[in-house]
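Participant: The following comprises the amino acid sequence and a computationally predicted model.
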Amino acid sequence: MKKLGLLVVAAMFSAASFAQTTTPATTTPATTTPTEKTQVKDLRKEVRAYDNKKAEAKAQIKKGNLTAAQTDLATAKTDKADIKTDTKTLKSEGVAHPVKLATKEVKKADVKRVEVAKADLKTAKAAEQTDVKAGNITGAQAAQAAAAADKKDLKKDIREAKRDGVKRHLHKA
């Protein structure tokens, strides 16, 4: 009889626990204030400047110019300190992982810039081909010069994107 009573009490407790419904927690989307947006934009610029100075220092070391490399590294160090102070400020305002967010946005902007350069190069090559087919030699030469300039810009954008850590989406045209 004791076992039957315990079984009934256990069944009642389990039924009561399953009968309770929990409302799903609704999270409000994080809204950023204009000051946070400007601080994140500033952080993106500092991250890009830091990456550029580190790359310039590496290039100077490869060339053998150690004094220029030291000045670039000192500038990169001040950029890193600025990044840390901005990170503390943004974290206190509720932005989660601000450096990771800024780096991700920098990479996204680099990929977009490379894609635009690829599209420009493609249109310049298409214009050159249409001018050649039409027999317009001066137009073809102008389009060829535009294609060469676009290819130069594409290579520059790809170098800068690699410097910022983009590894994918950089297929040469």
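Facilitator: Cool, the structure landed.
Participant: CA atoms for contacts and neighbours, from now on please.
Facilitator: Will do.
Participant: C-terminal to the longest helix anywhere in the chain, what's the next element?
Facilitator: Counting by DSSP state H, the longest helix found in the chain is helix 98-134. Reading on from helix 98-134 to the C-terminus, the next helix or strand found by DSSP states H and E is helix 137-163.
Participant: Return the distance of that next one from the chain's centre.
Facilitator: 24 Å (C-alpha atoms, centre = their mean, to the nearest Å).
Participant: what angle do that helix and helix 98-134 make?
Facilitator: Here helix 137-163 runs at an angle of 160 degrees relative to helix 98-134 (axes from the mean of the first three to the mean of the last three C-alpha atoms, to 10 degrees).
Participant: buried set for helix 137-163?
Facilitator: By 16 or more other C-alpha atoms under 10 Å, the buried positions in helix 137-163 come out as 139-140, 143-144, 146-147, 150-151, 153-155, 157-158, 160-163.
Participant: Contact partners for K54?
Facilitator: By C-alpha atoms under 8 Å, 6 or more residues apart in numbering, K54 lies in contact with D72, L73, A76.
Participant: any idea how far L154 is from S17?
Facilitator: To L154, S17 is 63 Å away according to C-alpha to C-alpha, to the nearest Å.
Participant: Quick one: low-confidence residue ranges for the protein.
Facilitator: Per-residue confidence for the chain (pLDDT under 70) gives these ranges: 21-32, 168-173.
Participant: Walk me through the domains of it.
Facilitator: 32-96, 103-173 (automatic domain parsing).
Participant: ok so, going back, in helices, which of the contacts of K54 appear?
Facilitator: Using DSSP H, the members of the contacts of K54 that fall within helices are D72, L73, A76.
Participant: okay if I get these as TSV plus neighbour count?
Facilitator: Compiled in TSV, the ones in helices among the contacts of K54 are given as follows (neighbours: other C-alpha atoms under 10 Å):
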residue	neighbour count
D72	20
L73	19
A76	23
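Participant: Help me confirm that A76 comes into contact with V47.
Facilitator: No. Applying C-alpha atoms under 8 Å as the test, A76 and V47 come out as separate, 9.7 Å apart.
Participant: That concludes my questions; thank you for your assistance.
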